[in-house]
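A.B. asks: Fold the stuff below for me.
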Amino acid sequence: MIYVTHDQVEAMTLGWRIVVMDEGVIQQAAGPLEVYDRPSNRFVAGFIGTPPMNFIEGDIVAQNGSISFDTGSTMLRLPGWMKRSARDYVSRKVCFGIRPEDVTSPEPGENAPAGSTIPAKINVVELLGDESIVYFSIGSQELVAKILSHHRLHVNDELDMRLDMDKAHIFDADTGENVTLRDRPEVQ
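C.D. replies: Now for the predicted structure:
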């Protein structure tokens, strides 16, 4: 078993099971992919991964039979499996989390599913060969995407970035608990 602290993230590649601690308190103990795909709380979600998970503060809203996350400027429709978990948080502050590789720029002519895009302004594009790290703004908040480099994006481009909503997480704003874990499908 490997214990991971802030300055030892590289050790995760060596372990079959890791323990993530915050100030001496165990936050999660599991295999590396489970910690990555199913973080127990916001601390673990932001600690594991490079670049780290994106977080957006907002509210859960119920309307017209669907459950959505309100960013303040955009409504993101939550997938069906997430509705039961999110229903307990309607009209409450939460934190929406999504990993950079689960944010993409749409292909030309592609129609993204309704409620799965956010309007973005591109701030920085770091070309890394086969992929690019893209920093973009939604309102006053900066987020990060890790996309294939053939998606030619440029600074100051404005477009809708697509989110893979099946890979999103909802965290309790007060406790940081990942409230979507109980209903999240197992990753294959």
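
A.B. asks: List the buried residues in stretch 61-80.
C.D. replies: 61, 67-71, 74-76, 78-79 (16 or more other C-beta atoms under 10 Å). From N, CA and C alone the C-beta is placed, and that goes for glycine too.

A.B. asks: with these in mind, which one is nearest to Ile18?
C.D. replies: Pro79 (27.8 Å; C-beta to C-beta).

A.B. asks: From Phe43, how far out is that closest one?
C.D. replies: To Phe43, Pro79 is 24 Å away according to C-beta to C-beta, to the nearest Å.

A.B. asks: sorry, back to before: any chance of CSV for the buried residues of stretch 61-80, columns distance to Leu153?
C.D. replies: Output for the buried residues of stretch 61-80, formatted as CSV (distance: C-beta to C-beta, whole Å):
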residue, distance to Leu153
Val61, 30
Ile67, 31
Ser68, 27
Phe69, 24
Asp70, 26
Thr71, 21
Thr74, 19
Met75, 24
Leu76, 21
Leu78, 27
Pro79, 26
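
A.B. asks: Out of those residues, which sit inside strands?
C.D. replies: Here DSSP state E is the test, and the buried residues of stretch 61-80 give 61, 67-70, 75-76 as lying in strands.

A.B. asks: What ranges does this protein have for its strands?
C.D. replies: Going by DSSP E, the chain shows strands at 2-4, 18-22, 25-30, 54-63, 66-70, 75-77, 93-98, 103-104, 117-127, 131-138, 141-148, 158-163, 169-172.

A.B. asks: List the strands paired with the longest one, with their directions.
C.D. replies: Within its sheet, strand 117-127 is paired with strand 131-138 (antiparallel), strand 158-163 (antiparallel), according to DSSP bridges.

A.B. asks: Report the distance from the longest one to the chain centre.
C.D. replies: Looking back up the chat, that one is strand 131-138. 14 Å (C-alpha atoms, centre = their mean, to the nearest Å).

A.B. asks: Fine, thanks again, bye for now.
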